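J.: got a predicted model here, sequence first, then my questions.
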Amino acid sequence: MKSLFFTFLASLTLAHANPLLEARGVCNADNCARAITGSAAQQALATRQADCSAFLSPFPTPTVPAYASACSGSVRYSSACACLGYTASPTHSCLSPAQATSIVNTFASLLTAPQAPDFTSKANALLADSFTDTSGSINFLAGQNISAVTFPSKAAFIGGQGAQPPIPSLTTLDIFYTCDKIAWRWVAQGIGSDQYEVKGIDTFTITHSGQISAVFAEFNSGAWLADIGNPQCHSSTS
Ligand SMILES: *[C@@H]1O[C@H](CO)[C@@H](O)[C@H](O)[C@H]1NC(C)=O
């Protein structure tokens, strides 16, 4: 059960997306640039490089350092950073709340409706070609090498998860996300005898195009085994 986000954009796209970054990437040799590139610099090169790098990072919010006072604003400072070889491309765009929720809901639907006619098309749209899914909990339930990657490919997930019985009830307890990762806490109910609920946590790595490239999922496999009648206890007595 198992399965994040992050986007590389061309500097041109970025300029359209963020007016703050407009005109970045163009080196204008002026007093501002000289304060950054060295001929009039008051700071060590490593400091100036680090400041440009941080400024051109999409997060956190960029600030123009005090020694760059000759640069009247962020556009001229970014030009000076370009003179030093730092430009704003590539960069990431971050997950929105709606995207994070949609990714979680779509993945959950693969677990609650693995036999649905659109299972494969949904999985193909949601999962990146480089997809892997690693879960010691699933490996344990399946009697496989606990340390191994559970589904080493998208095709393996589609074949494996697609053959599972549906999880009758899967409720989201919480979603946490960064620009390109999601953590999802969930509780499953209705498995087997439904004696125990099963709680778990999935983390997703999300590609620039919004697909899940990696899942790490762990859950209470002891409760799951009890719900399905502890088959591991019977197998050795037959
Ligand atoms: C189990 O998987 C791990 C990680 O892939 C691997 O290093 C180890 O050799 C495997 N063990 C067995 C017994 O196959």
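T.: Arrived safely, thanks for sending.

J.: give me the longest helix you can find in this protein.
T.: In the chain, taking DSSP state H as the definition, the longest helix is helix 97-112.

J.: model confidence over that one, on average?
T.: Helix 97-112 shows a mean pLDDT of 97.

J.: could you do stretch 67-87 as well?
T.: 85.

J.: now for the chain, the helix or strand with the poorest mean pLDDT.
T.: Least confident helix or strand, the chain: helix 11-17 with a mean of 37, by mean pLDDT, DSSP states H and E.

J.: immediately after that one, which helix or strand?
T.: Downstream of helix 11-17, the next assigned helix or strand under DSSP states H and E is helix 31-37.

J.: which residues touch that next one?
T.: 27, 40-42, 48, 52, 67-72, 76-77, 79-81, 83-84 (C-beta atoms under 8 Å, 6 or more residues apart in numbering). Any C-beta I mention is one placed from the backbone N, CA and C, and that applies to glycine too.

J.: try it again at 6 Å.
T.: If you take C-beta atoms under 6 Å, 6 or more residues apart in numbering as the criterion, helix 31-37 is touched by 40, 48, 68, 70-71, 76, 80, 83-84.

J.: same question, stretch 162-170
T.: 108, 111-114, 119, 186, 188-190.

J.: helix or strand for Trp186, which one?
T.: Element membership for Trp186 (DSSP H and E) is strand 181-189.

J.: low-confidence bits of this structure, can you list those?
T.: Applying pLDDT under 70 to the chain flags residues 1-24, 57-62, 89-92, 235-238.

J.: tell me the domain ranges of it?
T.: The record's domain parsing of the chain by automatic domain parsing lists 2-84, 97-227.

J.: picking that back up, closest to the ligand out of the contacts of stretch 162-170?
T.: Leu111 (23.9 Å; C-beta to the nearest ligand atom).

J.: the closest one and Leu126: what is the separation?
T.: 12 Å (C-beta to C-beta, to the nearest Å).

J.: can I have the buried ones of the contacts of helix 31-37 as a ChimeraX selection?
T.: In ChimeraX syntax, the buried subset of these is picked out as below (16 or more other C-beta atoms under 10 Å):
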select :48,68,70,71,76,80,83,84
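
J.: circling back to that earlier point, which residues are common contacts for Leu111 and Leu126?
T.: Common contacts of Leu111 and Leu126 (C-beta under 6 Å, 6+ apart): none found.
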